[in-house]
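Visitor: A predicted structure for the sequence below; I have some questions about it.
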Amino acid sequence: MLRGFIFALVAALALSLPVRTAADEITPLGIGLEDIDYPYPVHFLDLTIEGQRLRMAYMDVLSAKPNGRAVVLLHGKNFNGEYWAETIRALAGRGYRVVVPDQIGFGKSAKPDIHYQFDLLAANTKMLLERLGIGRAAIVGHSFGGMLAVTFARDYPQTTAVLALENPIGLEDYRTAIRPPPLNALFDAEMAQTAASYRNFMHAFFVGWPPEAEHNVDLFARVLHSGEYPRWAMASALTSQMIFDEPNRQDYHLLKMPVLLVIGQGDRSVFFRRYAKPQDIATLGHWPELGRQAAKDIPNAELVEIQGAGHVPHLEKTDEFNAALIRFLSQRY
């Protein structure tokens, strides 16, 4: 009788407990990615923007056999400096000093609610180089970082020894086919994200699915559980608005320094796709042709087309990308 009573009591207690799901097992991650170890030590540059005291994270990797030249790697919109690990290693192995900032609004840097502009981010990067005593450098930018790299080269041509652009956003003006999404719509879209929706979004960037892509999804899934996620979401919305409002394809003819343009031939991504009807964006996202047309407008350009890669060649075809970049640097810098 007693055994039956105990069994019934345990069963009742079990039914009253909440059911644990896979989401319950996720460890929340702060929006400064405090628990994520980058491949090299992280430092911070103090900035004051719109009256706010902010910190900009960066890696400064010195080569064991320095050649006296520096390379700056600028990350894409949905990434941070961490994903440059293999390119950093390859460059440092060839003697280059490699500086990799997380722009304000990204990665381990502050996520303020400010008026984001590419000129502002370029000025922050220039300030970082001045702090590090670097007067000239090769500027390398991927995706959103490619847009920033073009702005940096335009604003600071004396600092930009050479320029390398990897699938840079800005090769086409989305405003030709997509109505400007209001900030509240961009923010609502960020707040509605789930790990599954983010993974689907990320799949559009890749022909395959490298380990770094899954790592990025896992990182985002943890950030979603942060109490500060709305602040992350607003920074993401504001930087998306900047991308839409400031296309810089028209500046390509101003790039007088040697320019390497690397295009993954499998890339068909169209940012802001969700805000347009399919028929309105049918002419967008043809990256191979966009690259060829852009190369014609750059006075001193070299175009490298990488097969079997989507929007992030340095992750999908790492050796091929690194070889092209190092060859370009050794010949032109």
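Guide: Ah, there it is. Numbers count the residues shown, from 1 in each chain.
Visitor: ok now do residue 55, which residues does it touch?
Guide: Taking CB atoms under 8 Å, 6 or more residues apart in numbering as the definition of contact, the neighbours of residue 55 are 44-47, 109-110. In this view, the C-beta of every residue, glycine as well, is placed from N, C-alpha and C.
Visitor: now do the SS call for it.
Guide: Residue 55 falls in the strand class when you classify it by DSSP: H, G, I helix; E, B strand; the rest coil.
Visitor: what does the pLDDT read for it?
Guide: Residue 55 carries a pLDDT score of 98 in this model.
Visitor: and residue 289, how many neighbours?
Guide: Under the neighbour criterion other CB atoms under 10 Å, residue 289 is assigned a count of 11.
Visitor: show me where the stretch 51-200 of the chain has its strands.
Guide: With DSSP state E, counting those that start in this stretch as the definition, the stretch 51-200 of the chain shows strands at residue ranges 52-61, 70-74, 97-101, 137-142, 160-166.
Visitor: tell me the contacts of the closest residue in space to residue 68 that isn't next to it in sequence?
Guide: Of all residues beyond its chain neighbours, the one nearest residue 68 is residue 95 (7.9 Å), with distances taken as CB to CB, 6 or more residues apart in numbering. Applying CB under 8 Å, 6+ apart to residue 95 gives the contacts 63, 65-69.
Visitor: okay, now the nearest residue to residue 40 once chain neighbours are set aside: neighbour count?
Guide: For residue 40, ignoring the flanking residues on the chain, the nearest one in space by CB to CB, 6+ apart is residue 59 at 4.5 Å. Applying other CB under 10 Å, we find 22 other residues in the vicinity of residue 59.
Visitor: quick one: which of the contacts of residue 55 is nearest residue 197?
Guide: When those are ranked by distance to residue 197 (CB to CB), residue 109 comes first, at 24.6 Å.
Visitor: in this protein, which residue is most central in space?
Guide: residue 76 (2.0 Å; CA atoms, centre = their mean).
Visitor: now do the contacts for the nearest residue to that one once chain neighbours are set aside.
Guide: Distances taken as CB to CB, 6+ apart place residue 143 nearest to residue 76, at 3.3 Å, with adjacent residues excluded. Applying CB under 8 Å, 6+ apart, one finds that residue 143 lies in contact with 76-77, 79, 166-169, 311-312.
Visitor: show me just the buried residues among these.
Guide: Neighbour counting over the contacts of residue 143 (16 or more other CB atoms under 10 Å) leaves 76-77, 79, 166-169, 311-312 as the buried ones.
Visitor: who does the residue nearest to residue 40 bridge with?
Guide: Residue 59 forms beta bridges with residue 42, residue 100, as assigned by DSSP bridges.
Visitor: list the contacts of it.
Guide: 38-43, 81, 88, 98-100 are the contacts of residue 59 under CB under 8 Å, 6+ apart.
Visitor: ranges for the helices of the stretch 151-300 of the chain?
Guide: Remark: helices of the stretch 151-300 of the chain, listed N- to C-terminal, are 183-191, 195-203, 211-223, 229-245, 287-297; assignment by DSSP state H, counting those that start in this stretch.
Visitor: what residues are up against residue 270?
Guide: Under the criterion of CB under 8 Å, 6+ apart, the neighbours of residue 270 are 174, 281, 284-285.
Visitor: the same query, at a cut-off of 10 Å, please.
Guide: The contact partners of residue 270, by CB atoms under 10 Å, 6 or more residues apart in numbering, come to 172, 174, 177-178, 204, 276, 281-287.
Visitor: isn't residue 46 right up against residue 54?
Guide: Yes: proximity of residue 46 to residue 54 meets the contact threshold set by CB atoms under 10 Å, at 7.5 Å.
Visitor: between these two, which is the more surrounded one?
Guide: Of the pair residue 46 and residue 54, residue 54 is the one with more neighbours under other CB under 10 Å, namely 19 against 9.
Visitor: grab the nearest non-local neighbour of that one.
Guide: Leaving aside its sequence neighbours, residue 54 sits nearest to residue 110 (CB to CB, 6+ apart; 4.0 Å).
Visitor: ok, now residue 74?
Guide: Nearest non-adjacent residue to residue 74, counting by CB to CB, 6+ apart: residue 145, 3.3 Å away.
Visitor: okay, that neighbour: pLDDT?
Guide: The pLDDT attached to residue 145 in the predicted structure is 98.
Visitor: about what we covered before: buried among the contacts of residue 95? Need that as a selection in PyMOL.
Guide: Isolation of the buried members of these (16+ other CB under 10 Å) is achieved in PyMOL through the command below:
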select buried, resi 63+69
